[in-house]
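Asker: Provide a 3D model corresponding to the input given below.
(one chain, ligands or ions: 1)
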Amino acid sequence: MSEPRTPSRPVIVIENVHIAPVTGPEIPSGHIRIEGDRIAALGAGPAPGAQGATRIDGSGCLATPGLVNTHHHLYQWASQGLAQDATLFEWLVSLYPVWAAMDAEVVKGAASAGLGWLALSGCTTSSDHHYVFPKGRGDLLAAEVEAAREIGVRFHPARGSMDLGESKGGLPPDVVVEELDEVLTATAEAVDAYHDPSFSSMLRVAVGPCSPFSASARLMTESAALARSRGVRLHTHIAETLDEDEHCLEQFGARPVDYMEQLGWLGPDVWFAHTVHLSDADIGKLAASGTGSAHCPSSNGRLGAGIARVSEMLRRGVNVGLGVDGSASSELTPLAGEMRQALLFQRARHGPQALTARQALELATLGGARNLGRADELGSLEPGKLADLVLWPVAGPFAAAVPDPVCALVFGPAPPPALVLIGGRTVVAGGELRTVSQDAAGRAGAAARERLVRLAGERGVRAARHVQDK
Ligand SMILES: [Zn+2]
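Answerer: Okay, here's the model as predicted:
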């Protein structure tokens, strides 16, 4: 009688590579063995028993876990370069009427370009926070899910929402907000349709009312109840600007973190975008409750919002991940570059020991995985975890002048990845997308922009580069 045969899984072996696993010591010249979609082994020197495997020579490269993007608005690819000199509130008020014209075609093109761009900077898992659902414009969530499937990145869309229009004291015009019941029904449907909680999932859904100044208290609390009944995570924008602080004090008699606490919105299943303006007590509340933060330094700089207290949050045990935020507030920002931006912001404020290159790498990987509730699957290179990894060529003719590969990656401009694997599948090789045509993805983004500007123009809305041009 013969033994039942287990189906053979493709084996990839990467050798001669500097490995920065994020957890555990670095390996200056080692190997990584991948079986199917998982990391099977890693260690120093050449890989043992690699006959029959696909062998990749990682000479001159640094291997890191794939980067995790924990805050984004993919649709904003179609509205980059607008309201260039605006504060957050001015920028939002200028752009809401433009976004009101978007449809599924705009979202599909924007998401294709946006996710392709992220993969090209080493991102293997991306969240997205889509919160504008104008009536009768097609299935916007389905459009971005389709784009993510085509590009091949792990995708965590938050079904966002706004129900607090201008007429009810909110910031957005009424034309871009939804009724609370519609939101809850659509959000539950999104979870049912797409959320896959399994290990190695490519698609998980979160629940994401947009912000305290665009979502009512009832929408916040009912969204939290819905998310918790379905076992999915919660995401929103908090403490991004001082304007928001003032708005919350005026409208709710509480600053943003206190207000979120009152609404039951602190907990290990919650991660907030920005958290720039936090008091010591606010940081204590995030730490004690296990609430995570998505730090988006380029966007905060672009909008003049401020610098988040990242090194203090880390010191006090708050989990911090990185996010590029929407492309319209951080044009063409590569996720890898946010490591550098985060490091420079903290050092500019607190001195050169405020954040190390390796801490910045951890924010972009394990910190992100924790924000998305996936630290057991993603965020570090360890046997049993998913084979989401990036090879960075850090020993090119110029880069070779920096002897520490992690310093080269974080301190310098990150080079285009030599290889991006997601679940063992090649998504980027030689600095080019391999799952879809890179040119087509880029053109889809440009076409989405043209279409959005045209659709907005048909409604008499001008997409202005500067708020004062209006
Ligand atoms: Zn945002």
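
Asker: where does this structure have low pLDDT?
Answerer: 1-7, 469-470 (pLDDT under 70).

Asker: okay, how far is it across stretch 396-411, tip to tip?
Answerer: 15 Å (Cα to Cα, to the nearest Å).

Asker: actually stretch 195-215, not the one I wrote
Answerer: 23 Å.

Asker: list the buried ones in that stretch?
Answerer: Buried residues in stretch 195-215, counting neighbours by 16 or more other Cβ atoms under 10 Å, are found at 195, 200, 202, 204-215. Using the backbone N, CA and C atoms, a C-beta is placed for each residue, glycine as well.

Asker: in helices, which of those appear?
Answerer: Within the buried residues of stretch 195-215, no residue falls in helices by DSSP state H.

Asker: quickly check these for the two that are furthest apart.
Answerer: For those, the maximum inter-member distance is 37.5 Å, found between Ser200 and Phe213 (Cβ to Cβ).

Asker: which stretches in the stretch 101-250 of the chain count as strands?
Answerer: Along the stretch 101-250 of the chain, counting by DSSP state E, counting those that start in this stretch, strands occupy 123-130, 154-161, 206-209, 234-238.

Asker: dump these into JSON lines; add distance to the ion as well.
Answerer: Listed next are the strands of the stretch 101-250 of the chain as JSON lines, based on distance: least, Cβ to the ion, whole Å:
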{"stretch": "strand 123-130", "distance to the ion": "6"}
{"stretch": "strand 154-161", "distance to the ion": "9"}
{"stretch": "strand 206-209", "distance to the ion": "10"}
{"stretch": "strand 234-238", "distance to the ion": "5"}
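
Asker: contacting residues for the residue nearest the centre of the chain?
Answerer: Of all residues in the chain, the one closest to the mean position by Cα atoms, centre = their mean is Asn69, 2.4 Å from it. Contact analysis of Asn69 by Cβ atoms under 8 Å, 6 or more residues apart in numbering lists 118, 123, 125-127, 322-324, 335, 368.

Asker: quickly list what it is bridged to.
Answerer: Beta-bridge pairing for Asn69 (DSSP bridges): Ser126, Leu322.

Asker: for Thr365, see how far away it is.
Answerer: According to Cβ to Cβ, to the nearest Å, Asn69 stands 11 Å off from Thr365.

Asker: again with Ile151
Answerer: Distance from Ile151 to Thr365, by Cβ to Cβ: 19 Å.

Asker: pull out the buried positions in stretch 312-325.
Answerer: By 16+ other Cβ under 10 Å, the buried positions in stretch 312-325 come out as 313-314, 318-325.

Asker: ok, Gln346 touching Ser311?
Answerer: Yes: using Cβ atoms under 8 Å, Gln346 is in contact with Ser311, at 4.9 Å.

Asker: so these two - more neighbours on which side?
Answerer: Taking neighbours as other Cβ atoms under 10 Å, Gln346 and Ser311 compare with Gln346 leading, 26 against 20.

Asker: for the ion, give me its nearest residue in the stretch 351-470 of the chain.
Answerer: Proximity to the ion, evaluated over the stretch 351-470 of the chain using Cβ to the ion, is greatest for Asn371 at 13.8 Å.

Asker: let me see the domain layout of this protein.
Answerer: Domain assignment for the chain, taken from automatic domain parsing, gives 11-65+381-430, 67-371.

Asker: what touches both of Gln346 and Ser311?
Answerer: Joint contacts of Gln346 and Ser311 (Cβ under 8 Å, 6+ apart) are 354-355.

Asker: how about the residues of the protein that lie near the ion?
Answerer: 273, 325 (Cβ under 5 Å from the ion).

Asker: by residue count, what's the longest helix in the chain?
Answerer: The longest helix of the chain (DSSP H) is helix 438-458.

Asker: so which residues of the stretch 301-450 of the chain form helices?
Answerer: 310-315, 335-350, 357-362, 368-371, 405-411, 438-458 (DSSP state H, counting those that start in this stretch).

Asker: distance of Val232 from the ion?
Answerer: As judged by Cβ to the ion, to the nearest Å, Val232 and the ion stand 19 Å apart.

Asker: in what helix or strand does the closest residue to Ser289 other than its chain neighbours lie?
Answerer: Nearest residue to Ser289, sequence neighbours excluded (Cβ to Cβ, 6 or more residues apart in numbering): Leu266, at 3.8 Å. Assigned by DSSP states H and E, Leu266 falls within no helix or strand.

Asker: what about Leu266, how many residues nearby?
Answerer: Leu266: 20 surrounding residues under other Cβ under 10 Å.

Asker: make residue 1 into 15 and carry on from there
Answerer: Will do, 15 is the new start, and the previous item becomes Leu280.

Asker: residue contacts, it?
Answerer: By Cβ under 8 Å, 6+ apart, Leu280 lies in contact with 271, 274, 299-300, 303, 305.

Asker: if we go to 7 Å?
Answerer: 274, 299, 303, 305 (Cβ atoms under 7 Å, 6 or more residues apart in numbering).

Asker: next, give me the two most distant ones among those residues.
Answerer: Met274 and Ser303 (9.8 Å).

Asker: of these two, who's got more company?
Answerer: Higher neighbour count among Met274 and Ser303: Met274, with 27 against 18, using other Cβ under 10 Å.

Asker: and whichever strand or helix holds that one, C-alpha only, in CSV?
Answerer: Met274 belongs to helix 270-276 when elements are defined using DSSP H and E. Backbone C-alpha positions of helix 270-276 (Å, rounded to 0.1, in the frame of the first residue of the first chain) are rendered in CSV as follows:
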residue,chain,number,x,y,z
PRO,A,270,-11.7,63.7,19.9
VAL,A,271,-10.3,60.8,22.0
ASP,A,272,-12.6,61.5,24.9
TYR,A,273,-15.5,61.7,22.5
MET,A,274,-14.5,58.4,20.9
GLU,A,275,-14.2,56.8,24.4
GLN,A,276,-17.8,58.0,25.2
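
Asker: how close does the closest residue to Ala460 other than its chain neighbours sit to the ion?
Answerer: Distances taken as Cβ to Cβ, 6+ apart place Ala127 nearest to Ala460, at 7.6 Å, with adjacent residues excluded. Applying Cβ to the ion, the value for Ala127 to the ion is 18 Å.

Asker: now for Ala127: which residues touch it?
Answerer: Contacts of Ala127 (Cβ under 7 Å, 6+ apart): 91, 455-456, 458-459.

Asker: what subset of those is buried?
Answerer: 91, 455, 458-459.

Asker: now for those residues: which two are most distant?
Answerer: Within the buried ones among the contacts of Ala127, Trp91 and Ala455 form the most distant pair, 10.5 Å apart (Cβ to Cβ).

Asker: who wins for neighbours among the contacts of Asn83?
Answerer: Using other Cβ under 10 Å as the neighbour criterion, Gly382 leads the contacts of Asn83 with 36 neighbours.

Asker: would you check how far apart that residue and Val221 are?
Answerer: Distance, Gly382 to Val221, using Cβ to Cβ: 19 Å.

Asker: let me see the ranges of the helices in the stretch 65-214 of the chain.
Answerer: In the stretch 65-214 of the chain, the helices defined using DSSP H, counting those that start in this stretch lie at 102-113, 118-134, 154-165, 194-208.

Asker: and those, which is most packed in?
Answerer: Of all the helices of the stretch 65-214 of the chain, helix 118-134 has the most neighbours on average by mean count of other Cβ atoms under 10 Å, namely a mean of 26.
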